[in-house]
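Enquirer: how would this look folded up:
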Amino acid sequence: TMESVQCFGRKKTAVAVAFTKRGKGIVKLNGTPIELIEPETLRYKVAEPVLLLGKARLANLDIRIRVKGGGHVAQCYAIRQALAKSVVAYYQKYVDE
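Expert: Modelled structure (predicted):
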């Protein structure tokens, strides 16, 4: 059984789906590592949940995020929401704290 959760985030017409499973700390957005998101200001917005939770909590998770619809900013907020929700859901489901 693969430990995984799927969560989505929405903002206006943008929808992001985050798929979180046990792994080694990889966070990808539409197949691209989160560190390479352009423009930079939006990268910070997207990475905020990651910084908030701390790298340690994500070190044993792989998160794949798909996003579509909306504009850049709406997508960012959708991604943030999906990311945060999926990590919380994963912890509630498997780590139980």
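Enquirer: in terms of helices and strands, where is the residue most central in space within the chain?
Expert: Residue closest to the mean C-alpha point of the chain, counted by CA atoms, centre = their mean, is residue 83 at 2.7 Å. Using DSSP states H and E, residue 83 sits in helix 72-90.
Enquirer: now that helix: how far from the chain's centre is it?
Expert: With CA atoms, centre = their mean, to the nearest Å as the basis, helix 72-90 stands 5 Å off its chain's centre.
Enquirer: ok, now stretch 34-46?
Expert: Distance, centroid of stretch 34-46 to centroid of chain: 12 Å (CA atoms, centre = their mean).
Enquirer: quick one: buried residues of that stretch?
Expert: Judged by neighbour count using 16 or more other CB atoms under 10 Å, the buried positions of stretch 34-46 are 34, 37, 42, 43, 45, 46. For glycine as for every other residue, the C-beta is placed from the backbone atoms N, C-alpha and C.
Enquirer: for these, give me JSON lines that also has pLDDT, distance to residue 24 and secondary structure.
Expert: Below are the buried residues of stretch 34-46 laid out as JSON lines (pLDDT from 0 to 100; distance: CB to CB, whole Å; DSSP: H, G, I helix; E, B strand; the rest coil):
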{"residue": "34", "pLDDT": "88", "distance to residue 24": "14", "secondary structure": "helix"}
{"residue": "37", "pLDDT": "84", "distance to residue 24": "20", "secondary structure": "coil"}
{"residue": "42", "pLDDT": "84", "distance to residue 24": "25", "secondary structure": "helix"}
{"residue": "43", "pLDDT": "88", "distance to residue 24": "21", "secondary structure": "helix"}
{"residue": "45", "pLDDT": "88", "distance to residue 24": "24", "secondary structure": "helix"}
{"residue": "46", "pLDDT": "88", "distance to residue 24": "20", "secondary structure": "helix"}
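Enquirer: from these, which single one is nearest residue 96?
Expert: For these, the minimum distance to residue 96 (CB to CB) is 26.3 Å, reached by residue 34.
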